[in-house]
Each structure stands twice: as structure tokens, then as C-alpha cells.
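Need coordinates for the below:
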Amino acid sequence: MKAHNKWLTAPLAAGLSAALLSGCGTEQGGGSGGSGDGIRVGMSDEILSTDPAAGYDPGSWLLFNNVFQSLLAFPKGGLEPEPEAADECAFSAGSKVYTCTLRDGLTFSNGNELTSEDVKFSFERAIKIADPNGPAPLLSSIDSIETPDEKTVVFRLKVPDATFPSKIASGAGSIVDHREYPADALRTDGKATGSGPYKLDSLSDAEATFSANSGYHGTAKRKSDAVTLKLYRGDRSALAKAFADGEIDVAYRGLSADDIAALETSDTTGDRGIDVVQGSSAEVQHLVFNMKDPVVGKLGVRRAIAHLVDREALVEDVYKSTATPLYSIVPAGINGHNTAFYDTYGAPDAAKAKKALRAAGVNDKVKLTLWSTPSRYGPATDQELKAIAGQLNASGLFEADVKSVAFEQYEKDIAAGKYGVYVKGWVPDYPDADNFTAPFFGAGNVLGNHYENDAITGGLLPKTAAAADRAGTADEYVKLQNIVAEELPMLPLWQGKQYAVSRTGVTGLEWTLDASTVFRFWELRKS
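Numbers count the residues shown, from 1 in each chain. Presented below is the predicted three-dimensional model:
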């Protein structure tokens, strides 16, 4: 699990709403053109890789999900993977053997036939290359792959892993043409050869262009044959201006809370031909505690913090209601969600916080630094941490401040154990409670907080991973979250909402914004 690349997005700087609502924006270039220019989507990310063995960032996965096929895929609005390049897949031998039969007539965009050889090659290649920014950790349960014939693939797993279908339904399961990709190295020509609904026509630092793959055989029904993806590479003001000037039809990833709130509440948004589309999201953010820290290593201090953090105020004041308070490790909408942290700590209560500190033998004000990194999580992160510090200090029990450092240094310092309290976010690889728990607990966890619990890592996680009935794992995930709420290695803060802003006439965005995090080009239409 390469957490450093799938953390939260960096929001746009304020300015989109101001430009549009003040009348500075125009609609030139934003008219019909559904059969000409197609859909023009802008995002503040970049595409770091066109090779599925290396990319693990949101921009790259957006490309993978539209250009490549996986054996399975998440249907729009759904959390259970369904056959895509496969005609059918099934477990046997107690979730240790997974067999898939391919569809008839599968071909890559270059005309080459797609067979079980390509599937085996793609998975083994990603595992062998093991790029630091690649998906190999998601495939670590694979022991061997067999191809008894051209249409059959048999995965033999090291341990029972009922989440395997969800893992390979993500970008990690992208199938490449074995004739065009080296087996032990990354493809370096910037091109992509897949069998998905679109093919990549060109890629530059500024944009990627896509057209229909006429040879596609799968479940997607294209509503637009051409998509241009404008890449603003962290220049949030440029993305805002491009939408305001009508140079793009859709502004995706990176909208600021202020922009969204202003557009949603303005009486003139609709009159100016602007639609704000909200979708579900499983994106989360946590406050993380270093269990070896001399201050927050004390359970009483962590419990005091849990009694004081006011999530409702954070969501309203900092995020302008573009997120919702989170009281669990598993977010709402995902099987296994509960409210363990609210049930344990309730609403903010300074008296209970004081009692927790005194019970731990802490009688003086607790001096504390909250660490932030706005370069990764966006400009609101510093504001959020300062708000939390203010809540702690208002109780009279803490003397907290905030320090912010660049992301690269931030990650190094966390690994070195230099921080006691810091913020982490998470965008799921697949919408299953396993992806919100397994990466966070045990030796080498992605939070870097030195937390281990044998009941979780030795019992609950292996048991839930082996359960083919995912709905039947809810009780185990409730137990896990209750343990974490008691021991407090982390404190959930909020669950995000997904937003996109479009020009009137663009439809289908609601089918691209769900907990699977798959942005489906094929659902978009421009009239």
C-alpha cells in the first residue's frame, strides 16, 4: 500500500467562485461540440505514469480506469466488483483460488488479441518490477498464476483473501499487451496500450487526449467518443480561470471548500449555466498519535484530546460543510461502519478531558505541537490543525501550537518518530473496510505510529480478509473499531464529499463521483 501517493487531494485556491459569481467568467468555447471537441475536463493533478506497474497517483489511475481493462470493475454507484474483461470469476478452496474466464473477442487498441497470457503477464510484471510508486503491495497475496487455456486464468493465493476481487478491480488490475511492455522494466515512451473504452491519443505536461477504442468489449456504454483532460499540475488558479473562461466543461479534483460553498449557495449559479454536482466519497482524514511519544504516548492525554476535538465545528468553519464528521475508522457507506468514537467519547466535554488527564497523573497544562503539511493535503489543512489547537487550548488543559513542513520532510520526520501528533488522509484503493483497516495496523503500518494490537493483526484482520461474504464481516469490523476507539492510536476527523463543477449541458457526472473513486469518462455527455 503506497499511502504517500493516494493521500488526500490538494484543493484549489479560492477564486473560481469569485470569478464566476462576479461576472468575470464567460461561456466562450463552452458550448455544444459534443461530437466535435468532446468533453473537456480540467483537474489540478498531473499524470505521473502511463504504465500501470508504476502509477499510484489519482491522475494516473484516472487514465488506467479509462484506457485499460481489469478482469472486474466497480459498476457506477456500486461497491461490489462485477465482471469486465472477465465473463465470470469465482473462488474455490476457501478463498485461496480465484478463477476467471475471459470474455470472447477481447482485443487491445492496437488490434492485438487479449488472452490469459496477457493477464498473467500483467500481474507478474507489476509484482516483479515492484516500483516504489506502483500497486505491487495490493497484489502481495498472489502466490502463482496459471493459464490452462487462452481464456482461463487461475490465481493461487498465499492466504485466503476475499478482498482479492476488489483489489484487482482497481487500477492495480490493469491488463497490458505483453508484446508492447517489457517484462522487467517500465515502459518509457509515454504511450499506453490497453483494451478499455478509450485509447490514449496524446499526452503532454498540459493535457491528455482520449478517443473511443472501437475494439472495446466490456460493460461500459460510451456517451462521448472524445475526452480532453487538461492538467494544471498544482496550479489551482489556472484551473479556476480555465473554467471561468469556458476553456473546460468540467472542473474536477481540487475545488476549494470556499468555492464550492459559494457556488452552492449563490442564487446566480444556475443562471450563469453552472452546475455543482456532489457525489459520495470514502475519502477520510485522521489525527494520528505516535504511540512512543513521551506526551501523547500516554493514553490519558490521547483520551483528553478525543474529548475536546469538535468535528462539527471543523467541518462547518474550515470545510464549509464539504465534509462530514467521522467517528469511525471505516467511513459511512462502507460495510462495517459504526460510530465507535462518538459512542466512546461523545460530544466535546472539557470536564471529561480534565478527568482523563488527572486519572493519568497529568496535572499541568499539556504542551503539544500538531504537525501539518499543506503541500499534500491542501491549504485548509493548516487552518484545520490551528482550529484543533484552538479547541484544545480553550479548555485550559493544553498549550498546543501548529507547525507545518513540506511533505517530503514531513514523511521523513514521521518515519524517524519525530512527531507526536500529525495529520494523515486516505483515499481508498477499493471500497471495502479491509482497505481502511489493514494498512493502518501492525508492523510497518502506513501511519508510522508504532501501534500494534495482536487481536487486530492476528485475529480480526485475517478473519475478515478470508470471509467471502463481505456483508458478514460487519461484526468483526465493529469489534476492531471499538478496540481502536479505546486504545486511540488515531482519531478520525472527517469524511469528504466529492464535487465537480460543470457547464450546463454536461450530464453523467453523478455517475463518476462515488466511493469507488473511478472517474468514468464514458458516463459523460455534452449537449
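
what about residue 88, which SS state?
Classification of residue 88 by DSSP: H, G, I helix; E, B strand; the rest coil places it in strand.

Beyond the helix-or-strand element of the chain with minimal mean pLDDT, next helix or strand please.
When each helix and strand of the chain is scored by mean pLDDT, DSSP states H and E, helix 16-21 comes last, with a mean of 54. Next helix or strand after helix 16-21 toward the C-terminus (DSSP states H and E): strand 39-43.

Any chance you could list what contacts that next one?
With contact meaning Cβ atoms under 8 Å, 6 or more residues apart in numbering, strand 39-43 is reached by 59, 62, 224, 226-232, 239, 242-243, 247-254, 506, 521, 524-526. All C-beta spots, glycine's among them, are computed from the backbone N, C-alpha and C.

I'd guessed residue 103 sits against residue 85; true?
Yes - using Cβ atoms under 8 Å, residue 103 makes contact with residue 85 at a distance of 6.2 Å.

ok, the two, which is more surrounded?
residue 85 (26 against 19; other Cβ atoms under 10 Å).

That one: what's its closest spatial neighbour, skipping adjacent residues?
residue 69 (4.1 Å; Cβ to Cβ, 6 or more residues apart in numbering).

can you tell me which residues contact that neighbour?
Contacts of residue 69 by Cβ under 8 Å, 6+ apart are 84-85, 106, 114, 174-175, 194-196, 218.

run the last query once more with 10 Å
Residues near residue 69 by Cβ atoms under 10 Å, 6 or more residues apart in numbering: 84-86, 102-103, 106, 108, 114, 119, 173-175, 194-197, 213, 216-220.

Quick one, grab the pLDDT at it.
At residue 69, the pLDDT value in this model is 98.

what's the answer for residue 133, then?
Reported pLDDT for residue 133: 83.

Distance check, the closest residue in space to it that isn't next to it in sequence against residue 104.
Distances taken as Cβ to Cβ, 6+ apart place residue 56 nearest to residue 133, at 5.0 Å, with adjacent residues excluded. When distance is defined by Cβ to Cβ, to the nearest Å, residue 56 is 32 Å away from residue 104.

Tell me the spacing between the residue nearest the centre of the chain and residue 61.
Geometric centre of the chain, nearest residue: residue 427, 2.2 Å, by Cα atoms, centre = their mean. Noted for residue 427: a distance of 10 Å to residue 61, by Cβ to Cβ.

now swap in residue 74 and tell me
Counting by Cβ to Cβ, the gap from residue 74 to residue 61 is 12 Å.

My reading is that residue 228 lies in a strand. Confirm?
Yes - Residue 228 sits within a strand when classified using three-state DSSP.

residues contacting it?
Counting by Cβ under 10 Å, 6+ apart, residue 228 has contacts 37-42, 201-202, 207-210, 248-249.

what would these look like in CSV with neighbour count and distance to residue 126?
Putting these into CSV (neighbours: other Cβ atoms under 10 Å; distance: Cβ to Cβ, whole Å) gives the following:
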residue, neighbour count, distance to residue 126
37, 15, 35
38, 22, 31
39, 24, 30
40, 24, 32
41, 28, 27
42, 24, 30
201, 13, 25
202, 12, 25
207, 16, 27
208, 25, 22
209, 16, 26
210, 27, 23
248, 25, 32
249, 27, 34
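
Name the nearest of those residues relative to residue 136.
residue 208 (24.5 Å; Cβ to Cβ).

So that closest one: helix, strand or coil?
Residue 208 - assigned by three-state DSSP - is strand.

my guess is it meets residue 191, correct?
No - shown here, residue 208 and residue 191 do not form a contact pair, counting by Cβ atoms under 10 Å, at 11.3 Å.

picking that back up, joint contacts of residue 103 and residue 85?
Joint contacts of residue 103 and residue 85 (Cβ under 10 Å, 6+ apart) are 69, 71, 114, 195, 217-219.

Same list, these, but as JSON lines with distance to residue 139 and secondary structure please.
Converted to JSON lines, these look like this (distance: Cβ to Cβ, whole Å; DSSP: H, G, I helix; E, B strand; the rest coil):
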{"residue": "69", "distance to residue 139": "17", "secondary structure": "coil"}
{"residue": "71", "distance to residue 139": "13", "secondary structure": "coil"}
{"residue": "114", "distance to residue 139": "19", "secondary structure": "coil"}
{"residue": "195", "distance to residue 139": "19", "secondary structure": "coil"}
{"residue": "217", "distance to residue 139": "24", "secondary structure": "coil"}
{"residue": "218", "distance to residue 139": "22", "secondary structure": "coil"}
{"residue": "219", "distance to residue 139": "23", "secondary structure": "coil"}
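
Which members of those residues are the farthest-apart pair?
114 and 219 (15.4 Å).

can you give me the helices for the stretch 401-527 of the chain?
407-415, 454, 461-466, 474-487 (DSSP state H, counting those that start in this stretch).

Between those, which one is closest to residue 147.
Per Cβ to Cβ, nearest to residue 147 of the helices of the stretch 401-527 of the chain: helix 461-466, 25.4 Å.

What is that closest one packed up against?
For helix 461-466, the packing partners by 3 or more Cβ pairs under 10 Å, 6 or more residues apart in numbering; DSSP states H and E come out as helix 474-487.

With just CA atoms, put the helix it packs on into PDB.
This file holds the C-alpha atoms of helix 474-487, laid out as PDB (Å, rounded to 0.1, in the frame of the first residue of the first chain):
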ATOM      1  CA  ALA A 474     -19.600  -6.200   9.800                       C
ATOM      2  CA  ASP A 475     -19.400  -7.500  13.400                       C
ATOM      3  CA  GLU A 476     -15.700  -8.100  13.200                       C
ATOM      4  CA  TYR A 477     -15.100  -4.600  11.900                       C
ATOM      5  CA  VAL A 478     -17.200  -3.200  14.700                       C
ATOM      6  CA  LYS A 479     -15.100  -5.100  17.200                       C
ATOM      7  CA  LEU A 480     -11.900  -3.700  15.600                       C
ATOM      8  CA  GLN A 481     -13.100  -0.200  15.700                       C
ATOM      9  CA  ASN A 482     -14.200  -0.500  19.300                       C
ATOM     10  CA  ILE A 483     -10.700  -1.600  20.200                       C
ATOM     11  CA  VAL A 484      -9.100   1.300  18.300                       C
ATOM     12  CA  ALA A 485     -11.500   3.800  19.900                       C
ATOM     13  CA  GLU A 486     -10.400   2.500  23.400                       C
ATOM     14  CA  GLU A 487      -6.700   2.500  22.600                       C
END
